[in-house]
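Engineer: need a 3D model of the following:
(one chain, ligands or ions: 1)
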Amino acid sequence: MVSTVYYGSPRQARWDAQETLPAKLDRIIERLNIRERVKGETVAIKIHSGNNMGYSTLHPVFVRRVVQAVLDGGGSPFITDVSWDTHNAHERGYSQEVLGCPVYPSAGINDRYEYVHKRPYKSIQEWHVAGMVQDASFLINFAHVKGHPACGFGAAIKNLALGCMTGVTRSAMHDVMHYDPYWFREQCPDRQTFERILASCPMKALVEDKKIRGDIHMHFEMCNQCGRCLQAAPSGSLKIQPENFYSFQEACAISASITLSTFEPGKVTHLALATQITPLCDCFGFTSMPILPDAGVFGSDDIVALETAILDQTAGLRLIEENLPTSMEVHTRVGHPFAWLHGSLKDPYLTGVYGEQIGMGSRQYELVDVFPLEQIFTGGMQYISAK
Ligand code: SF4
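Structural biologist: Predicted structure coming up:
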């Protein structure tokens, strides 16, 4: 199956508002027939509102246009995100006055309004879907594209996977990276060697387990798989292996698919804005310098196709290494720039691969540019110097 992904380039030919991203988002909203589809629907618009002093999340100008389209179409919209992000979202411009509809915590003010779905995956037995999301009859999943320390990048799938579950499931999803054993203490001869292994990691990803002295706890989010620790560790004592890293992405695909399964066919659509692409997730509560140029705005009814198209559009962009936090390093230049940043075992395409395997969508897509860039100056002019 080939899915359609609508795309608006961040570049413009003329000094004209109609060629800029908010206007291109309007065209994508039209192509997805959002107005026609939401009449009489209760529409959850899931965004990541960030927290603290982050300012690189979706600009309210974009969110307002989606809200207005839903209102124009006769739907009843609300903005939603996890409670710890919505409680001060107004400080970052996400308020009813600005956006035109209420902003609700997805699982209530105490993060306890939820529906439980049983589906075993490694250490996770059940998934707690946020009640306000499941109660809606239509979902607009509007994501901001950025890097992510656990899975390389975050966009539409992650916006649902983490953002539509309550805290207990979000924690379990991060913990699943520890399900497959990676530390084998019987292969470590003494305390001195143990401490040398911990000290070998420049990212401080290796710490002593809080409960069991002599065990290693790895912060997978901080590990870029540089391999330094493997030089310090006796053979077989420590493993840097794909299954630990991949499990978070597989859990993301499962989680998003469970949320999507609560909506009737045709009652979900996905939008994503790739501007101010920072190295880390919007959860961090601050904004770092952009590490990729802006890549545009995207929309599709197929979440897997959308993610694949975003990654393909950003794959060839230059990683702006001079903008990285100096605590980060690029030690591989294989694969997507997000993998350069977070390590090759955090291949950003993987979540979509898992998503396709469980029937969430197709990685085959047709990209439809809603406002193809007009090439005005083609370079063939005779040069005339300015006076
Ligand atoms: S691979 Fe590198 S970043 Fe990861 S734990 Fe080992 S030393 Fe730290």
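
Engineer: quick check: residues of this structure near the ligand?
Structural biologist: Contact residues (Cβ under 6 Å from any ligand atom) of the chain with the ligand: 200-201, 203, 205-206, 218, 223-229, 240. All C-beta spots, glycine's among them, are computed from the backbone N, C-alpha and C.

Engineer: are any of those buried, and if so which?
Structural biologist: Buried members of the residues of the chain next to the ligand, scored by 16 or more other Cβ atoms under 10 Å, are Ser200, Cys201, Met203, Ala205, Leu206, Met218, Cys223, Asn224, Gln225, Cys226, Cys229, Ile240.

Engineer: helix/strand/coil for the third one?
Structural biologist: Three-state secondary structure (criterion: DSSP: H, G, I helix; E, B strand; the rest coil) places Met203 in coil.

Engineer: and it, what is it in contact with?
Structural biologist: By Cβ atoms under 8 Å, 6 or more residues apart in numbering, the contact list for Met203 reads Met222, Cys223, Asn224, Cys226, Ser327.

Engineer: relative to Gln249, how far out is the residue nearest in space to the middle of the chain?
Structural biologist: Central residue of the chain (Cα atoms, centre = their mean): Gly154, 1.8 Å from the mean position. Distance from Gly154 to Gln249, counting by Cβ to Cβ, to the nearest Å: 11 Å.

Engineer: please, where are all the helices along the stretch 251-387 of the chain?
Structural biologist: Per DSSP state H, counting those that start in this stretch, the stretch 251-387 of the chain carries helices over the ranges 303-315, 337-342, 350-357.

Engineer: which one of those helices lies nearest to Ser137?
Structural biologist: helix 303-315 (18.3 Å; Cβ to Cβ).

Engineer: buried residues in that closest one?
Structural biologist: Within helix 303-315, the residues scored as buried using 16+ other Cβ under 10 Å are Ile303, Val304, Ala305, Leu306, Glu307, Thr308, Ala309, Ile310, Leu311, Gln313, Thr314.

Engineer: returning to that earlier point: what would the contacts of Met203 look like in CSV with pLDDT?
Structural biologist: Shown next, in CSV, are these (pLDDT from 0 to 100):
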residue, pLDDT
Met222, 96
Cys223, 97
Asn224, 96
Cys226, 96
Ser327, 94
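
Engineer: how about the helices of the stretch 251-387 of the chain in JSON lines, adding distance to Lys122 and mean pLDDT?
Structural biologist: Output for the helices of the stretch 251-387 of the chain, formatted as JSON lines (distance: least, Cβ to Cβ, whole Å; pLDDT from 0 to 100):
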{"stretch": "helix 303-315", "distance to Lys122": "22", "mean pLDDT": "98"}
{"stretch": "helix 337-342", "distance to Lys122": "21", "mean pLDDT": "96"}
{"stretch": "helix 350-357", "distance to Lys122": "13", "mean pLDDT": "98"}
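
Engineer: got a list of what whatever residue of the stretch 1-150 of the chain ends up closest to the ligand touches?
Structural biologist: For the stretch 1-150 of the chain and the ligand, the shortest gap (Cβ to the nearest ligand atom) falls at Pro149, measuring 11.2 Å. Pro149 makes contact with Glu221, Met222, Leu280, Cys281, His342, Lys346, according to Cβ under 8 Å, 6+ apart.

Engineer: surely Cys283 is in contact with Thr57?
Structural biologist: No - between Cys283 and Thr57 there is no contact, the gap being 10.2 Å when judged by Cβ atoms under 8 Å.

Engineer: of these two, who's got more company?
Structural biologist: Neighbour totals were compared for Cys283 and Thr57, and Thr57 leads with 25 against 20 (other Cβ atoms under 10 Å).

Engineer: that one against Arg92, yeah?
Structural biologist: Yes - using Cβ under 8 Å, Thr57 is in contact with Arg92, at 6.7 Å.

Engineer: mutual contacts of these two, please.
Structural biologist: With Cβ under 8 Å, 6+ apart as the test, Thr57 and Arg92 both reach Ser49, Gly50.

Engineer: who touches both of Cys283 and Thr57?
Structural biologist: Both Cys283 and Thr57 are contacted by His48, Gly50, under the criterion Cβ under 8 Å, 6+ apart.

Engineer: how far away is Tyr179 from Ser385?
Structural biologist: Tyr179 sits 68 Å away from Ser385, going by Cβ to Cβ.

Engineer: go on, Ile277?
Structural biologist: Distance from Ile277 to Ser385, counting by Cβ to Cβ: 38 Å.

Engineer: Cys281 and His148 touch, don't they?
Structural biologist: Yes - contact between Cys281 and His148 holds when scored by Cβ under 8 Å: they sit 4.8 Å apart.

Engineer: what touches both of the two?
Structural biologist: Shared contacts of Cys281 and His148, counting by Cβ under 8 Å, 6+ apart, come down to Gly154, Lys158.
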